[in-house]
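Visitor: I would like the atomic coordinates for the input below:
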Amino acid sequence: MPGNASENKGLAEANPAWYAAGLDHVWLPYAQMKTASLPLAVAATHGSRIVLADGRELIDGIASWWTACHGYNHPHIRAAVERQLATMPHVMFGGLVHEQALTLAHRLTGMLGPHGLDRVFFSESGSVAVEVALKMALQYWRNCGVRGREQIVAFKGGYHGDTTGAMAVSDPQSGFHGSLAGLLPRQIIVDLPLDEASTTALDALLAEQAERIAAIIVEPLVQGAGGMRLHDAGVLQTLRALADRHELLLIFDEIFTGFGRTGTMFAFEQAGVTPDIITLSKALTGGTLPLAATVAQRKVFDAFWSDDPAKALMHGPTFMANALACAAANASLDLFAREPRLAQVGRIESLLREGLEPCRKLAEVEDVRVKGATGVVELKRIENLNRLRQRFIDEGVFVRPFGSIVYLTPALTIAEDDLLKLTGAIRRVLA
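Guide: Next up, the predicted model:
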């Protein structure tokens, strides 16, 4: 059992029987199990609230890793899943299709198609969506008769997931995968082209090594779990220009930024450029069920369109295009279409700037930054993450700092009072 033994005994006894019975048999994410604090037992969720088994309610500041964009238990999504459950919860996508998946593919390409992205490959997690994108990019060149393009260019501060290929294009210094760095495929990790010097350096690297590079991958506007680092739309324009100049594919990983988080439905729209491949997940189903999509430009798909079976994309997750998840995603898109989510993001952005800016005056604060419905306070260091997380719980909010940052990625529907309580709690705890 994680944490201090005497403290944990009391906490465990205060929770339901299922908690004590099962806790010793789970392996928790991103946690040193010997020293981690006990996880909170959750009984229910609603709106932007997490209801604990002991009756306490916490205001959720991170929307369950920024997935619950419409808040928890939205009745429209719940009803759609219930209807689908009554008819068909799942059917394999090999040789079979169903209405929810084809409708979702049609709707996603309706949103992305004007930008040329019109072929959807479904999977069940963001990491797998990235793996599929990398496989598409690598095999694209082989299918085109080009050998040797086997490297991916990615960026410091980036994070793309926890599977092997995704780890290999994430920053090895971010703290997630450092212990495995020497065991992963060797990719090219460089500085983002944020200024003339870094742009010139990247251009020179691509010119020298283009014949062995298949693609560039980047998180547009916000590098999420690697540290919530921001860059402007000009960086994406630079990357598009460099990819075109050196004849490389460009992948935008919008698993964090997609579906309104940065103020537009997709972050790349703010740059006026389009990737060759885009990955989507997280908020795709409104935080209800696992689903991801890798969407490719026609030119990428055409390289796989052949009479030769060897040119097919050989990938097929067992729960690919799960009917329940696709129903939830279609219902989530309904809400984006009929409710003012992007206007709500604009209001959240204003409140985050107003609420977090006072933290800049604190001695231990390195930076305060806000983009859309994401707010970040970066500290010079966090010496005891467990204690800091507990301080937020004591304030009645669920905020989960990592590395050296305290961040908010609330539901896009969060009530103004709840958001003010979140920013107020951060100011008090950090002070």
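Visitor: make it CA atoms for all contacts and neighbour counts henceforth
Guide: Noted.
Visitor: Checking F252 next. Helix, strand or coil?
Guide: Here F252 is strand, with the state taken from DSSP: H, G, I helix; E, B strand; the rest coil.
Visitor: got a list of what it touches?
Guide: I217, V218, E219, P220, F268, P275, I277, I278, T279 (CA atoms under 8 Å, 6 or more residues apart in numbering).
Visitor: Could you find the closest non-adjacent residue to it?
Guide: Spatial nearest neighbour of F252, chain neighbours left out: I278 (4.9 Å); criterion: CA to CA, 6 or more residues apart in numbering.
Visitor: Does L230 touch L221 like I think?
Guide: Yes. Contact criterion CA atoms under 8 Å: L230 and L221 qualify, at 5.6 Å.
Visitor: circling back to that earlier point, out of the contacts of F252, which is nearest to E150?
Guide: Each of the contacts of F252 was checked against E150 using CA to CA; the closest is I217, at 13.6 Å.
Visitor: Can you give me the neighbour number for the closest one?
Guide: 25 (other CA atoms under 10 Å).
Visitor: what does whichever helix or strand it is part of contact?
Guide: Per DSSP states H and E: I217 is located in strand 213-218. For strand 213-218, contacts defined as CA under 8 Å, 6+ apart pick out 137-138, 141, 148-155, 158, 169, 206, 243, 248-253.
Visitor: Parallel or antiparallel, which strands does that strand pair with?
Guide: strand 151-155 (parallel), strand 249-253 (parallel) (DSSP bridges).
Visitor: coming back round to it: show me the contacts for the residue nearest to F252.
Guide: Contacts of I278 by CA under 8 Å, 6+ apart are A133, I251, F252, D253, E254, T294, V295, A296.
Visitor: tell me which of those is nearest to V406?
Guide: Closest to V406, out of all of those and judged by CA to CA, is E254, at 21.4 Å.
Visitor: Report the contact partners of that closest one.
Guide: E254 sits next to E219, P220, F266, A267, I278, T279, L280, S281 when contact means CA under 8 Å, 6+ apart.
Visitor: If we use 7 Å, what do you get?
Guide: Counting by CA atoms under 7 Å, 6 or more residues apart in numbering, E254 touches E219, P220, I278, T279, L280.
Visitor: Among those residues, which one sits closest to L58?
Guide: Within these, the smallest distance to L58 is 28.3 Å, found for L280 (CA to CA).
Visitor: Just give the nearest non-adjacent residue to that closest one, would you?
Guide: With CA to CA, 6+ apart, the residue lying closest to L280 is I255, at 4.5 Å.
Visitor: pretty sure that neighbour is touching S127, no?
Guide: No. Counting by CA atoms under 7 Å, S127 is not a contact partner of I255; they are 9.0 Å apart.
Visitor: between the two, which one's more packed in?
Guide: I255 (30 against 24).
Visitor: Return the per-residue confidence for that one.
Guide: With respect to pLDDT, I255 has a value of 98.
Visitor: tell me the angle of the helix ranked longest in the chain relative to strand 151-155?
Guide: In the chain, assigned by DSSP state H, the helix with the most residues is helix 126-143. For helix 126-143 against strand 151-155, the angle by axes from the mean of the first three to the mean of the last three CA atoms, to 10 degrees is 140 degrees.
Visitor: avg pLDDT for helix 126-143?
Guide: 98.
Visitor: Measure how far that helix is from the centre of its chain, please.
Guide: 18 Å (CA atoms, centre = their mean, to the nearest Å).
Visitor: which strands and helices sit next to that helix?
Guide: If you count contacts as 3 or more CA pairs under 7 Å, 6 or more residues apart in numbering; DSSP states H and E, helix 126-143 packs onto helix 164-168, strand 213-218, strand 277-280, strand 292-297.
Visitor: partner strands of the third one, parallel or antiparallel?
Guide: Partner strands and pairing direction for strand 277-280 (DSSP bridges) are strand 249-253 (parallel), strand 292-297 (antiparallel).
Visitor: who touches the last one?
Guide: Put plainly, it is strand 292-297. With CA under 7 Å, 6+ apart, strand 292-297 has contacts from 116-126, 129, 132-133, 276-281.
Visitor: Buried by neighbour count, from these: which ones?
Guide: For the contacts of strand 292-297, a burial check counting by 16 or more other CA atoms under 10 Å picks out 116-126, 129, 132-133, 276-281.
Visitor: How is the protein partitioned into domains?
Guide: What the record gives for the chain is the domain set 5-11+30-73+340-430, 75-338, from automatic domain parsing.
Visitor: Please render these as CSV that adds distance to L23 to the earlier fields.
Guide: Shown next, in CSV, are these (distance: least, CA to CA, whole Å):
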stretch, distance to L23
domain 5-11+30-73+340-430, 9
domain 75-338, 23
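Visitor: Tell me which of these approaches D24 most closely.
Guide: domain 5-11+30-73+340-430 (10.1 Å).
Visitor: now that closest one, how far from the chain's geometric center?
Guide: Here domain 5-11+30-73+340-430 is found 17 Å from its chain centre; the criterion is CA atoms, centre = their mean.
Visitor: Find the nearest non-adjacent residue to S170, please.
Guide: Nearest to S170 is Y159, by CA to CA, 6+ apart, at 4.5 Å.
Visitor: so how far is E219 from that neighbour?
Guide: 8 Å (CA to CA, to the nearest Å).
Visitor: list the buried ones in the helix or strand hosting G22?
Guide: Per DSSP H and E: G22 is located in helix 17-23. Across helix 17-23, burial judged by 16+ other CA under 10 Å covers Y19, A20.
Visitor: on contacts alone, who are the packing partners of the very next helix or strand once past that helix?
Guide: Using DSSP H and E, the next helix or strand after helix 17-23 towards the C-terminus is strand 42-46. Strand 42-46 sits against strand 49-52, with contacts defined as 3+ CA pairs under 7 Å, 6+ apart.
Visitor: tell me the average confidence for the strand it packs on?
Guide: 98.
Visitor: what residue ranges in the stretch 151-300 of the chain are flagged as low confidence?
Guide: Applying pLDDT under 70 to the stretch 151-300 of the chain flags residues 175-177.
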